[in-house]
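**Student:** Give me coordinates for this.
(chains A, B, C and D)
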Protein chains: 2
Amino acid sequence: MATTKSSGERVQQKGRTRSALLSAAVALVSAGSAPSVAEVADAANVSRRTAYRYFPTQEQLLVEASLEGVRGIISSAIEGNGTVGKAGKGDADIEARLDRVVHAMQQSAAENEQLLRSMIRLTVGTRPDPKRLKRGYRRIEWIAQALAPAKKELGKCRYERLVSALSLCMGIEALIILRDLRGLSGNDAENVSRWAARTLLRESLLEAAPKRTKK
Amino acid sequence: MATTKSSGERVQQKGRTRSALLSAAVALVSAGSAPSVAEVADAANVSRRTAYRYFPTQEQLLVEASLEGVRGIISSAIEGNGTVGKAGKGDADIEARLDRVVHAMQQSAAENEQLLRSMIRLTVGTRPDPKRLKRGYRRIEWIAQALAPAKKELGKCRYERLVSALSLCMGIEALIILRDLRGLSGNDAENVSRWAARTLLRESLLEAAPKRTKK
DNA sequence: GGCCTTATGGCACTGTTGTGTCATAATGCA
DNA sequence: TGCATTATGACACAACAGTGCCATAAGGCC
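**Tutor:** Numbering: from 1, shown residues only, chains lettered A, B, ... in the order given. Below is the predicted model of the structure:
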């Protein structure tokens, strides 16, 4: 009862149907529509009933699909053109690192605004379950990468506060706010994000090393 | 045919049924549920068919209801305890004004997180129609009120940029990011918002009046 | 009051979500 | 190859979103 009944679970078969459903859903969601479960199932050559076995609700199916789509988008945006860079000494360099990350992020956010908006709509409803996959965790990783050379200098408290504040300034939520509330274009929105991020970083570094005079 | 057929439209009757539907929906949405059209109609003592005459889709009904609920929340939060204040000369005063606004906003956002989350979910899907009522326009008004004494000093460009950046640091979206991505408590989230807002304001004032030394 | 206009309610209908049940096909193992 | 296990498919079903149609009630105007 406990361990396993050998390999009674047909992992390969399940994997195939699951990824068939998921890729069909990704295609449809990326096309901008909100497909019904029947549509996704048909596109995947799978029974509707089976689709419900893998994704208990339409919402979960579309969430997973949009997160899958976003994953592809963003990794190519940042890792694709070697954004963050390796070396790091001096504040100017850190500023440049962060600026590159903000630029790449806002660029790809603007390019895939619709998809990211539907991801937000699908994930923002309830506080996230600790077990279910979260949105936006990559954002924190990139911020951490950009800030890595200054982490020691900042100290734990200031570092965490800066990461949190930067996570407000970049990403799809920032783009949505600047567009919907402020009516900005994609370019103007990116400039606001970059200015805010740069400013918060500078101030944090100044607080950490008050000896230097400003600039 | 053109002008009017006297008062053929029964404005009062329509107003009554509309507000009956809306207040019933506000009550149900504020309770955290996503009521069906039939539920709202029953609670309002109105036919389901009639509900659809006033709100073409369930979504529009719930959107209007959540926006209505948010409107009530927020007017009490800010106007209730006279937050912004009148006088204003000197940077410290502006900082204090802004800090009060951020505090009031994040406080009420945390208190009504569920309702605000559903408002986001319902309104974030599509870019806002210019004619339909927007979410978050009050946020800009309060930021503008807090910044009013420094508007001239900042100059148009820096002022607009600062308003935009501050709109990223406060409000329900900021709370959601700090909670979901960063796992912060309501208190910690508010502290991040206040620090970021204060920092961005200071830097803007410094840029505008570079003569003074920092601090 | 009577009459005309208009909002409302009731009913029927289609399409979708989500679930239960059971037969059938695919898979892994001997 | 045959067999037990397990995923899948087909069908049925209830609930809900929307919509059309028509009768009826409520309102305004004389």
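**Student:** what does chain A put close to DNA strand C?
**Tutor:** Proximity of chain A to DNA strand C, by C-beta under 7 Å from any atom of the strand, involves residues A:6-7, A:10, A:12-13, A:36-38, A:48-49, A:52, A:56-59. Where C-beta positions appear, they are placed from N, C-alpha and C, glycine not excepted.
**Student:** Which members of those are classed as buried?
**Tutor:** Among these, those buried by neighbour count (16 or more other C-beta atoms under 10 Å in any protein chain shown) are A:37, A:58.
**Student:** need the helices for chain A, in chain order.
**Tutor:** A:11-30, A:37-43, A:48-54, A:58-79, A:91-111, A:113-123, A:137-147, A:151-154, A:156-169, A:172-180, A:186-208 (DSSP state H).
**Student:** Please work out which of these is packed deepest.
**Tutor:** Mean neighbour count, computed with mean count of other C-beta atoms under 10 Å in any protein chain shown, is highest for helix A:172-180 among the helices of chain A, reaching a mean of 24.
**Student:** Kindly provide the whole-number mean pLDDT of that one.
**Tutor:** For helix A:172-180, the mean pLDDT works out to 95.
**Student:** Dump that helix to CSV, restricted to CA.
**Tutor:** What follows is helix A:172-180, C-alpha atoms only, in CSV (Å, rounded to 0.1, in the frame of the first residue of the first chain):
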residue,chain,number,x,y,z
ILE,A,172,3.4,43.8,-15.8
GLU,A,173,1.6,45.4,-12.9
ALA,A,174,3.7,48.6,-13.2
LEU,A,175,3.0,48.7,-17.0
ILE,A,176,-0.7,48.2,-16.3
ILE,A,177,-0.8,51.0,-13.8
LEU,A,178,1.1,53.4,-15.9
ARG,A,179,-1.1,52.7,-18.9
ASP,A,180,-4.5,52.5,-17.3
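**Student:** tell me the contacts of A:Ser164?
**Tutor:** B:178, B:182, B:184, B:189, B:192 (C-beta atoms under 8 Å, 6 or more residues apart in numbering or on different chains).
**Student:** Make JSON lines from those and add distance to A:Arg198 to it.
**Tutor:** Formatted as JSON lines, the contacts of A:Ser164 follow (distance: C-beta to C-beta, whole Å):
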{"residue": "B:Leu178", "distance to A:Arg198": "20"}
{"residue": "B:Arg182", "distance to A:Arg198": "20"}
{"residue": "B:Leu184", "distance to A:Arg198": "23"}
{"residue": "B:Ala189", "distance to A:Arg198": "23"}
{"residue": "B:Val192", "distance to A:Arg198": "18"}
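**Student:** Which helix or strand in chain A has the lowest average pLDDT?
**Tutor:** helix A:58-79 (a mean of 77; mean pLDDT, DSSP states H and E).
**Student:** quick one: A:His103 from A:Trp142, how far?
**Tutor:** 11 Å (C-beta to C-beta, to the nearest Å).
**Student:** coming back round to it: ok, the contacts of A:Ser164 vs A:Leu67, which is closest?
**Tutor:** Set against A:Leu67, the nearest of the contacts of A:Ser164 by C-beta to C-beta is B:Arg182 (18.6 Å).
**Student:** what's the closest non-adjacent residue to that closest one?
**Tutor:** Distance criterion C-beta to C-beta, 6 or more residues apart in numbering or on different chains; nearest residue to B:Arg182, sequence neighbours excluded, is A:Ser164 at 5.0 Å.
**Student:** Quick check on A:Pro35: phi, psi?
**Tutor:** phi -70, psi 150 (degrees, to the nearest 10).
**Student:** Wait, it touches A:Ala25, no?
**Tutor:** Yes - the criterion here is C-beta atoms under 8 Å, and A:Pro35 meets it with A:Ala25 at 6.9 Å.
**Student:** Can you pull the residues that touch both of these two?
**Tutor:** A:Leu62.
**Student:** Tally up the residues packed near A:Ala31, please.
**Tutor:** Residues lying near A:Ala31 (other C-beta atoms under 10 Å in any protein chain shown) number 9.
**Student:** hang on, the earlier thing: export the helices of chain A as a markdown table, with columns for distance to B:Ala110.
**Tutor:** Shown next, in a markdown table, are the helices of chain A (distance: least, C-beta to C-beta, whole Å):
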| stretch | distance to B:Ala110 |
| --- | --- |
| helix A:11-30 | 32 |
| helix A:37-43 | 36 |
| helix A:48-54 | 36 |
| helix A:58-79 | 25 |
| helix A:91-111 | 26 |
| helix A:113-123 | 19 |
| helix A:137-147 | 21 |
| helix A:151-154 | 27 |
| helix A:156-169 | 15 |
| helix A:172-180 | 17 |
| helix A:186-208 | 22 |
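**Student:** Can you flag the weakest of the ones you listed by average pLDDT?
**Tutor:** Minimum mean pLDDT among those: helix A:58-79, a mean of 77.
**Student:** ok, now which ones touch A:Val29?
**Tutor:** Per C-beta under 8 Å, 6+ apart, neighbours of A:Val29: A:35, A:62, A:65-66, A:69, A:115, A:118.
**Student:** at 6 Å what do you get?
**Tutor:** By C-beta atoms under 6 Å, 6 or more residues apart in numbering or on different chains, the contact set of A:Val29 is A:65-66.
**Student:** now swap in A:Asn191 and tell me
**Tutor:** Under the criterion of C-beta under 6 Å, 6+ apart, A:Asn191 has no neighbours.
**Student:** A:Thr199 and B:Gly186, how far apart?
**Tutor:** Using C-beta to C-beta, A:Thr199 is found at 25 Å from B:Gly186.
**Student:** and the residues of chain A next to DNA strand C, which two are the farthest apart?
**Tutor:** For the residues of chain A next to DNA strand C, the maximum inter-member distance is 38.2 Å, found between A:Ser6 and A:Ser36 (C-beta to C-beta).
**Student:** close to DNA strand D, is stretch A:115-128?
**Tutor:** No - contact of stretch A:115-128 with DNA strand D (C-beta under 7 Å from any atom of the strand) is absent, the minimum separation being 14.4 Å.
**Student:** now what about that stretch, what contacts it?
**Tutor:** Stretch A:115-128 has contacts (C-beta under 6 Å, 6+ apart) with A:59, A:62-63, A:66, A:69-70, A:134-135, A:172, B:117, B:120-121, B:124-125, B:180.
**Student:** same thing with stretch A:151-162?
**Tutor:** Contacts of stretch A:151-162 (C-beta under 6 Å, 6+ apart): A:204, A:208, B:192.
**Student:** Now the second one. Nearest residue, chain neighbours left out?
**Tutor:** Nearest-residue entry for A:Ala208: A:Leu154, 4.9 Å, with adjacent residues in sequence omitted and distances by C-beta to C-beta, 6+ apart.
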